[in-house]
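Visitor: The amino acid sequence is not available; the structure is as follows:
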DNA sequence: CTTAAAACCTAGTAAACCGATAGGATTATA
DNA sequence: TATAATCCTATCGGTTTACTAGGTTTTAAG
């Protein structure tokens, strides 16, 4: 299951990406327009800022803005920050590898190969979609 | 993340599938061989029986056996029973569809299209792999 | 200089889910 | 009749999720 956090985060990024002018967008505006609890959204936007997707400006007229162009932001990166590893099992994760404590050897694990296929399929989809793609898809 | 339940369930099914004779396999045997807590495994095997993958025989010499041939069991079915919907979001689920309460219309949802692509990619992988494939893959 | 608007920060919390564990009841075989 | 196996119900500690509360800090505008 995709967490609400990730879902809201993607929606927020897409909302900001759709704005033509690059003026900061307020959390309250996104919150209203996308039906997201404002306080929860704030924490997500903060995380997106800390991980380098967004910049922010404080005080009146402040808000959040994209640091890179939408077509330079791959969905793999977004998902990894908001949701975590793309692999469904740590032992096939490229960025967060961890050995399973139950498998003696991964080579002979029946789950392993399947999970690699799933991971690659997901990586493919997420790597081919940028924020631009998903912001203007409809 | 793939739950332990699903992981263990797949491993157990694969273990049973690898047995040449069709004699029932005991939970204790699987538990030892695959390093799975026996009690936990029991509950999983029970679920796999109730959902029609396994048959069981009680009492001495009893155990679990496959009801269908391994090459007739698609991993989509296994995952759906153990893990739940393959889609990461209910609004793109084929079998467990549910409307999101935040989206007014799915057509314009930026997350929707991406999740459909992910779902289809996963369905593809899981639909092309049978228990036979994963039991004898190595 | 004051006020309001915005991001920023910390903490807590109810509910659900996960990964077991416990303790037996039931059934079949030898 | 003893034993070995499935089957069933309940519980439980820990973690995660999706928020909510209650502020502090910074900035722009009047």
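Guide: Looks like it came in fine. Remember, predicted model here, so these are calculated numbers, not experimental data.
Visitor: Is stretch A:104-122 in proximity to DNA strand C?
Guide: No: on the criterion Cβ under 7 Å from any atom of the strand, stretch A:104-122 is out of touch with DNA strand C, staying 13.0 Å away. The C-beta positions use only the backbone N, C-alpha and C, and glycine is treated the same way.
Visitor: swap that for stretch A:1-19, please
Guide: No: judged by Cβ under 7 Å from any atom of the strand, stretch A:1-19 stays clear of DNA strand C, getting no closer than 7.9 Å.
Visitor: Quick one: distance of that stretch to the chain centre.
Guide: With Cα atoms, centre = their mean, to the nearest Å as the basis, stretch A:1-19 stands 8 Å off its chain's centre.
Visitor: and what of stretch A:42-61?
Guide: Using Cα atoms, centre = their mean, the offset of stretch A:42-61 from its chain centre is 14 Å.
Visitor: near chain B, which residues of chain A?
Guide: With Cβ under 8 Å from any Cβ of the partner chain as the criterion, chain A comes near chain B at residues A:1-2, A:7, A:10-11, A:14, A:34-36, A:75, A:88-89, A:101-104, A:107-111, A:113-115, A:117-118, A:121-122, A:124-126, A:129, A:134-135, A:137-138.
Visitor: Quick one: buried ones out of the residues you listed?
Guide: Buried members of these, counted by 16 or more other Cβ atoms under 10 Å in any protein chain shown: A:2, A:7, A:10-11, A:14, A:34, A:36, A:75, A:88-89, A:102-103, A:109-111, A:113-115, A:117-118, A:121-122, A:125-126, A:129, A:134-135, A:137.
Visitor: what angle do the top helix by length along chain A and helix B:110-128 make?
Guide: If you go by DSSP state H, chain A has its longest helix at helix A:110-128. Here helix A:110-128 runs at an angle of 150 degrees relative to helix B:110-128 (axes from the mean of the first three to the mean of the last three Cα atoms, to 10 degrees).
Visitor: Run through who's touching helix A:110-128.
Guide: With contact meaning Cβ atoms under 8 Å, 6 or more residues apart in numbering or on different chains, helix A:110-128 is reached by A:74-76, A:79, A:86-89, A:91-94, A:103, A:106, B:2, B:7, B:10-11, B:14, B:75, B:114, B:117-118, B:121-122, B:124-126, B:129, B:134-135, B:137-138.
Visitor: Get me the contact residues on chain A for DNA strand D.
Guide: Looking at DNA strand D, the residues of chain A close enough under Cβ under 7 Å from any atom of the strand are A:3-5, A:37, A:39-40, A:43, A:57-62.
Visitor: one step back: continuing past the longest helix of chain A, what's the next helix or strand?
Guide: Using DSSP states H and E, the helix or strand that follows helix A:110-128 in sequence is helix A:131-135.
Visitor: Does anything pack onto that next one? Which helices or strands?
Guide: In terms of contacts (3 or more Cβ pairs under 8 Å, 6 or more residues apart in numbering or on different chains; DSSP states H and E), helix A:131-135 is packed against helix A:4-18, helix A:75-82, helix B:110-128.
Visitor: Not counting residues beside it along the chain, what's closest to residue A:52?
Guide: Among residues not flanking residue A:52 along the chain, residue A:67 sits closest, at 6.6 Å (Cβ to Cβ, 6 or more residues apart in numbering or on different chains).
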